[in-house]
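Peer 1: sequence first, predicted coordinates after that:
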Amino acid sequence: MFEAITKPDVARRYWGHENVSDWKPGSKWEHIRANDERTVDLVGNVIEILPPTCLVIAWANASQASDPASYSRVTFAIEEYDMVRLTVTHDEPGAGSGMANGIKQGWPSAKPKSA
């Protein structure tokens, strides 16, 4: 499961985006559309990484990257549970922000996209 988040070629199958970073605390992170344009939709940094059980990143929409108040934090907690249990906690979006409004609907179920 950890590779489904941190390996671009695996993440592409689930999100249609690639998560690109060197995956060290403090490092830059980008969420890039896996299409011909390779548009960077989200940017941020790695806060904490404990493979294969925990990844914490801060992120913002690429258009708001220069505004520290636009960042929110996402924690991916992974634990063995039959197969695997993934708990995603998205916190600190600014009240009424585009990010807060976007996540009100919840994170969609991750299903592999056709290759």
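Peer 2: Nice, I can see it.
Peer 1: every contact and neighbour count from this point should use C-alpha atoms.
Peer 2: Fine.
Peer 1: check the protein for its longest strand and report it.
Peer 2: strand 40-50 (DSSP state E).
Peer 1: restricting to C-alpha, output it in CSV.
Peer 2: Output of strand 40-50 as CSV, limited to C-alpha atoms (Å, rounded to 0.1, in the frame of the first residue of the first chain):
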residue,chain,number,x,y,z
VAL,A,40,1.1,20.0,-11.3
ASP,A,41,-2.2,20.2,-9.4
LEU,A,42,-0.9,20.1,-5.8
VAL,A,43,2.4,21.0,-4.2
GLY,A,44,3.7,20.6,-0.7
ASN,A,45,6.3,19.0,1.4
VAL,A,46,6.9,15.8,3.3
ILE,A,47,6.4,16.3,7.1
GLU,A,48,7.0,12.7,8.3
ILE,A,49,7.6,9.4,6.6
LEU,A,50,7.8,6.0,8.3
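Peer 1: list the neighbouring strands of that strand plus their orientation.
Peer 2: strand 28-33 (antiparallel), strand 54-61 (antiparallel) (DSSP bridges).
Peer 1: could you list the buried residues of it?
Peer 2: 40, 42-49 (16 or more other CA atoms under 10 Å).
Peer 1: from residue 6, how far out is residue 51?
Peer 2: Noted for residue 51: a distance of 10 Å to residue 6, by CA to CA, to the nearest Å.
Peer 1: higher neighbour count, the two?
Peer 2: Using other CA atoms under 10 Å as the criterion, residue 51 and residue 6 rank with residue 6 on top: 18 against 12.
Peer 1: how far away is the residue located most distally from the centre of the chain from residue 27?
Peer 2: For the chain, the largest distance from the centre (CA atoms, centre = their mean) belongs to residue 82, which lies 24.0 Å off. Plainly put, residue 82 is 32 Å away from residue 27 if you go by CA to CA.
Peer 1: before I go, just wanted to say thanks for your time.
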